[in-house]
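Give me the fold of what follows.
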Amino acid sequence: MSFLGQVRKKALQANRRIVLPESFDERILRAVAEILKEKVAQPVLIGNPDRIMNDAKAYEISLQGARIVDPENFERFEVYVDKLVELRAKKGMTREEATKILRNDINFFGAMMVKMGDADGMVSGASSPTAKVLKAAIQVIGTKPGMKTVSSVFIMELSRFQETYGSTLVFGDCSVIPHPNAEQMADIACSSAETALSIANINPRVALMSFSTKGSATHECVDKVIEAGRILRERKVSFRFDDELQADAALVKSVGEIKAPLSDVSGNANVLIFPNLSAGNIGYKLVQRLAGANAYGPIIQGLAAPVNDLSRGCSMNDVVVLTAITSAQACTDCTFE
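Below is the predicted model of the structure:
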C-alpha cells in the first residue's frame, strides 16, 4: 500500500480533532468538506459561524459535522487568557496583551485549543507565513519532554527506482533550522526516526549526511556531523544510524560497501539527515522533480502536540492530506494494519 493509503487508514482509525484556523480561505472550507466525507479527522474551524456557513453556501459545499468556534463568543475564552498569561509570564505578558492576541491571532487561538485539550492538533499556513504558525506552536504548545529542537521532514514516496532505494524515504530537516548545530542535528535524527516509524511505517535506518565519508575529507562542517553521531551514541538511541556518509554511500549498496564497509546503514539508509537547510531543501526538491517523487510535508516534529504548516500555494487536496497526517500523528496508540 502507498504511503498516502497507509496514512489515510491510520487517520481514519484515529479520527482526531484537528483545528484549521484559516476559515476565511476557500481552500480550507473545501478541504473541510472533503475531510468530513473521508472521516480522516474531526475538523474544527475558527471564526464567525454565520460568515463561515454563508461562505460554504456560496461554494455549494456542506460543513455539517464540523465544529465552529468563535473566539468572540467562546465560553472558555477567559480560561485561555489566563493560560497564555501563565505561559508567557517570564516575558511580561499582561491580561490585556493576551486578550488582544487571542482575539486577533487565529494561530495563537488554534494552538491554545490544542494546549487546553479542546483539539488534538492544528493545520495552518495556507494564508499565514511559516514563522507565525511556528511561533504560536512553540510559545503555546512547546516541545516534547526532553526535546529542545523543532524541525521538519518530508516523506518522499518514490515512483521510480524503488528496487534500488525502496518506496519511501524520509528527508530532514528541509524547512525549519537553517544551520543546526551538532546537538540539534542529533535531535533532528531522533525525531525523524520516530516519524519514519510512526507515520511512514518504515523501520528507520538513519544516515547523517556530509560531503565526506569516513574521513575522506576534513572540515569543520564534517566535524559537526561526526559530533552529532557521537551524541546519538551517547544517548544510546534504539534506531540504527551512522554518521559522515555521502549520499551515494548512504543509498547505493555497492558504493556503501566500498566507502563504508563497516557501517550499519551504508547502502541501505531510508532516513537522510542533512547538515543544513540549504542541502535539505535542495535535496528534496531535486528528488521530487527529477525522480518524479511525491513529497509530503513539511511535517513538523518535536512539538508536544502535532502542528503542521501548509504552503501558501497549497491546493485543497494538500490540506486534506496534511490534516490526515496530523490526525495520524495525534494518535499515539494507533497502529498500521
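
use CA for all of it now, contacts and neighbours both
Noted.

Tell me how many other residues crowd Val19.
Look at Val19: counted by other Cα atoms under 10 Å, it has 31 neighbours.

Then Ala291?
13.

so where do the strands sit in the protein?
17-20, 42-46, 67-69, 121-124, 151-157, 168-172, 205-209, 240-245, 271-273, 294-301, 307-309 (DSSP state E).

My read is that Lys144 contacts Gly302, right?
Yes - Lys144 is in contact with Gly302 according to Cα atoms under 8 Å; the separation is 5.8 Å.

In terms of packing, which of these two has more residues around it?
Neighbour count, other Cα under 10 Å: between Lys144 and Gly302, Gly302 has more, with 26 against 14.

need the contact list for the closest residue to the more buried one other than its chain neighbours.
Spatial nearest neighbour of Gly302, chain neighbours left out: Val150 (4.7 Å); criterion: Cα to Cα, 6 or more residues apart in numbering. Contacts for Val150 (Cα atoms under 8 Å, 6 or more residues apart in numbering) come out as 143, 176, 188, 300-303.

do you know how far Val150 is from Pro178?
The gap separating Val150 from Pro178 is 12 Å, by Cα to Cα, to the nearest Å.

So which bits of the helix or strand bottoming out on mean pLDDT in the chain are buried?
In the chain, the helix or strand scored least confidently by mean pLDDT, DSSP states H and E is helix 162-165, which has a mean of 79. For helix 162-165, the buried set under the neighbour-count rule, 16 or more other Cα atoms under 10 Å, comprises Tyr165.

Likewise for stretch 16-31?
Buried-residue list, stretch 16-31, by 16+ other Cα under 10 Å: 16-24, 27-31.

Can you name the residues bridging to Arg205?
Arg240 (DSSP bridges).

I'd like to know how many residues surround it.
For Arg205, the neighbour count with other Cα under 10 Å is 22.

quick one, what contacts the residue nearest to Arg27 when sequence neighbours are not counted?
Spatial nearest neighbour of Arg27, excluding adjacent residues (Cα to Cα, 6+ apart): Met316 at 4.9 Å. Residues near Met316 by Cα under 8 Å, 6+ apart: 27-28, 30-31.

how about a cut-off of 10 Å?
Taking Cα atoms under 10 Å, 6 or more residues apart in numbering, we find Met316 in contact with 26-32, 34, 126.

ditto for Ile141
Contact analysis of Ile141 by Cα under 10 Å, 6+ apart lists 87, 108, 111-116, 134-135, 303-307.

just these now: which is nearest Gly215?
Gly215 lies nearest to Leu303 out of the contacts of Ile141, by Cα to Cα, at 34.8 Å.
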